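Chemist: Fold the following.
(chains A and B)
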There are 2 protein chains.
Amino acid sequence: MEKRFAGVLRQSIDEVLDGQRTGRFDIKKLDKTEKTYLGTKVEIVTRSAFGLEYGQAMDYEIAGQEVDAKFTSERTWTIPKEAMGHICLVMSADDHRGRFEVGLIRIAEGVLRPGYNQDKKRGISAQGRRAVHWLVPDGALPTNVLLSLRDEDRAAIFRASNGYRGSGNGGQLRINELFRRVAFHRTPSGPGGGCTVDRTTTLTVASQQDSPKRVRDARLPQHLGREGIVILGHQGRHPVLARALGLPVPDKGSWVAARLAFATEGDTDPVVQLDGHRYVLARAGDASAPAPTEY
Amino acid sequence: MEKRFAGVLRQSIDEVLDGQRTGRFDIKKLDKTEKTYLGTKVEIVTRSAFGLEYGQAMDYEIAGQEVDAKFTSERTWTIPKEAMGHICLVMSADDHRGRFEVGLIRIAEGVLRPGYNQDKKRGISAQGRRAVHWLVPDGALPTNVLLSLRDEDRAAIFRASNGYRGSGNGGQLRINELFRRVAFHRTPSGPGGGCTVDRTTTLTVASQQDSPKRVRDARLPQHLGREGIVILGHQGRHPVLARALGLPVPDKGSWVAARLAFATEGDTDPVVQLDGHRYVLARAGDASAPAPTEY
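Modeler: Residues are numbered from 1 along each chain as shown, chains lettered A, B, ... in the order given. Here you go, the predicted model:
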């Protein structure tokens, strides 16, 4: 249940952000029309994900009950008067904190705030919140990688193509910088300093049609290869290598990057054999060994 | 210019219809929130398609001019007072007629209707329309296949899965019926009775993730194969076969279906050799020959 709703909300937010075309990754950058539409998108994606039927008066009919979908990225839900007496599927998401909640509540006078907003809708009161039957009281939203980065890393990624004069929009330079910034390396407590990168993040950073090609090309010697950075996906030997290095194993449509160094004599860290060389995760200060060209 | 704007408008409309999840293909079925958002989507897709910069006050800055994007699927554009003195890129689309128009107009008192709507915006007047500098005065929108079908054909497609009790949502049965209804055949004046099917149409009809698989499976003997119907895409020998039969040649992500019959002795119609048999387009009344299993 948590995983399915998490997917619904992540997908809805990402579609309305439309990062591939707009470069946006922060729900706060949506304009008013888009924020309103996000509620409609959540309603549509929820119906599709759970195979729900259309209701007569409300969005869904579930087990003979009329149910209305209500989504908010703000503090509370606004309830139109038509929902009075009906059940609402209330959903909220905080992409900055990476949390969401989903619950059911039957709308009655006692759960609403007294005041109306300009659209003649009423908020759910603090008392009303306590009446919610939570399906997911505190769910984990799939990470919004760009929001989760430090300001300096994010700025470096989008700045990477400043002054670029070649063909295209410089997306390759931004993708390179993204993987450079999120590459795992050796820390005293094990692999660290990196994170898994999802497809949406690469679309937003590259802002072009062929983002997967930009990721593949980032592996080349002239891009990240000479810095010893490898990018592992879900195919071929990549999951095995990720596991061997102690990294998260990428699902389909996601990647982990890692900075490698040549293993030393008697290295106690996990070693992988690539292209005839023995590699380990690089320490922060290590000289960079050229990454293998085939892996 | 016409082709690029046509693509922008088709893409924007299709994304907001979200046929894969909703089964919708008619812009008139959008709710108010979605219709408003469609204007935002057109603005975003236009910016991306033409590589336009953001303006300070308006949506775009083009050649030092502030330009606002205005889209309507109704009769006229509604202009906010902030646009006064600025250029508007006015776009409209009529998906039922398959036409669209794009033009530029500088907003001034003389091009606006006197009255305000409830959002304090004003329409462009008949006189204002004459002041538009048309970039595309009467463009052809890529066909919305489902809108273009006869009512009975469309109804048959969506009815095809009624009562279906198997796994999935019966999308295979609807896809079969779609290609059955749009299959080209022999008419006295040449190949006819069919049309090219685009990817969006298959997504909307199948209403599931793996629509391309539904199209591939529709070719199997147990689906359309036994009725002599072949489905040609853009790959392998398919374009050659389509051309040989006098059919439209499908682009990437589109298909043409054709109903075949065995060629008769001295057949004067174009003949294709498939799986050791000689085939021609079937006439409306012809007995169906089993389609080749490999093509």
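
Chemist: Secondary structure class of the closest residue to A:Phe100 other than its chain neighbours, three-state.
Modeler: Counting by Cβ to Cβ, 6 or more residues apart in numbering or on different chains, the nearest residue to A:Phe100 once its immediate chain neighbours are dropped is A:Ala93, at 4.2 Å. For every residue, glycine as well, the C-beta is placed using N, CA and C. Under DSSP: H, G, I helix; E, B strand; the rest coil, A:Ala93 falls in the strand class.

Chemist: I figured A:Tyr54 hits A:Glu61, correct?
Modeler: Yes: counting by Cβ atoms under 8 Å, A:Glu61 is a contact partner of A:Tyr54 at 6.8 Å.

Chemist: Which one of these two is surrounded by more residues?
Modeler: For A:Tyr54 and A:Glu61, the more surrounded residue by other Cβ atoms under 10 Å in any protein chain shown is A:Glu61, and the numbers stand at 15 against 10.

Chemist: show me the residues around the nearest residue to that one once chain neighbours are set aside that make contact.
Modeler: Once flanking residues are discounted, A:Glu61 sits nearest to A:Gly55: 4.2 Å by Cβ to Cβ, 6+ apart. Residues in contact with A:Gly55 (Cβ atoms under 8 Å, 6 or more residues apart in numbering or on different chains) are A:61, A:66-68.

Chemist: give me that answer again for 7 Å
Modeler: Taking Cβ atoms under 7 Å, 6 or more residues apart in numbering or on different chains, we find A:Gly55 in contact with A:61, A:66-67.

Chemist: give the contact list for the residue nearest to A:Phe100.
Modeler: Residues in contact with A:Ala93 (Cβ under 7 Å, 6+ apart) are A:9, A:13, A:73, A:100, A:141.

Chemist: can we see that at 6 Å?
Modeler: By Cβ atoms under 6 Å, 6 or more residues apart in numbering or on different chains, the contact set of A:Ala93 is A:9, A:73, A:100, A:141.

Chemist: Make a markdown table out of these and add secondary structure, neighbour count and pLDDT.
Modeler: Compiled in a markdown table, the contacts of A:Ala93 are given as follows (DSSP: H, G, I helix; E, B strand; the rest coil; neighbours: other Cβ atoms under 10 Å in any protein chain shown; pLDDT from 0 to 100):
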| residue | secondary structure | neighbour count | pLDDT |
| --- | --- | --- | --- |
| A:Leu9 | helix | 28 | 98 |
| A:Ser73 | coil | 20 | 93 |
| A:Phe100 | strand | 25 | 98 |
| A:Leu141 | coil | 19 | 97 |
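
Chemist: Sketch out the low-pLDDT regions of chain A for me.
Modeler: Scanning chain A with the threshold set as pLDDT under 70 gives no residue ranges.

Chemist: Spell out which residues belonging to it are near chain B, please.
Modeler: Selection of chain A residues close to chain B by Cβ under 6 Å from any Cβ of the partner chain yields A:18, A:21-22, A:33-34, A:36-37, A:40, A:44, A:48.

Chemist: Take the residues you listed and keep only those in helices.
Modeler: Among the residues of chain A next to chain B, DSSP state H puts A:21-22, A:33-34, A:36-37, A:40, A:44, A:48 in helices.

Chemist: Let's see if you can find the most crowded of the residues of chain A next to chain B.
Modeler: Of those, with other Cβ under 10 Å as the count, A:Tyr37 tops at 24 neighbours.

Chemist: Surely it and B:Tyr37 touch.
Modeler: Yes: using Cβ atoms under 6 Å, A:Tyr37 is in contact with B:Tyr37, at 3.9 Å.

Chemist: how is chain A carved up into domains?
Modeler: Per the record, chain A has its domains at A:2-140, A:149-281, by automatic domain parsing.

Chemist: ok so, going back, how about the contacts of A:Ala93, which pair is most distant?
Modeler: With Cβ to Cβ as the measure, no two of the contacts of A:Ala93 lie farther apart than A:Ser73 and A:Leu141, at 11.1 Å.

Chemist: Identify the residues contacting the residue lying closest to A:Gly85 once chain neighbours are set aside.
Modeler: Excluding the flanking residues, the one nearest A:Gly85 by Cβ to Cβ, 6+ apart is A:Ile107, at 6.5 Å. Applying Cβ under 6 Å, 6+ apart to A:Ile107 gives the contacts A:79, A:83-84, A:86, A:88.

Chemist: and if you look at A:Asp31?
Modeler: Neighbours of A:Asp31 in contact, by Cβ under 6 Å, 6+ apart: none.

Chemist: Quick check: phi and psi at it.
Modeler: Main-chain torsions, A:Asp31, degrees, to the nearest 10: phi -80, psi 180.

Chemist: A:Ile124 too?
Modeler: Backbone geometry at A:Ile124, expressed as degrees, to the nearest 10, gives phi -80, psi 130.

Chemist: wait, doesn't it sit right on A:Trp77?
Modeler: Yes: shown here, A:Ile124 and A:Trp77 form a contact pair, counting by Cβ under 6 Å, at 5.3 Å.

Chemist: A:Arg259: neighbour count?
Modeler: Quick note: A:Arg259 (other Cβ under 10 Å) scores 26 neighbours.

Chemist: what helix or strand is it on?
Modeler: Element membership for A:Arg259 (DSSP states H and E) is strand A:254-262.

Chemist: And the helices in chain A, which stretches?
Modeler: A:2-17, A:19-22, A:32-50, A:126-130, A:145-148, A:151-159, A:171-181, A:199-206, A:211-218, A:238-244.

Chemist: Compare those and report which one is nearest to B:Gly192.
Modeler: Using Cβ to Cβ, these put helix A:32-50 closest to B:Gly192, at 36.5 Å.

Chemist: Please state the offset of the closest one from the chain centre?
Modeler: 17 Å (Cα atoms, centre = their mean, to the nearest Å).

Chemist: Check stretch A:284-295 too.
Modeler: Offset of stretch A:284-295 from its chain centre (Cα atoms, centre = their mean): 28 Å.
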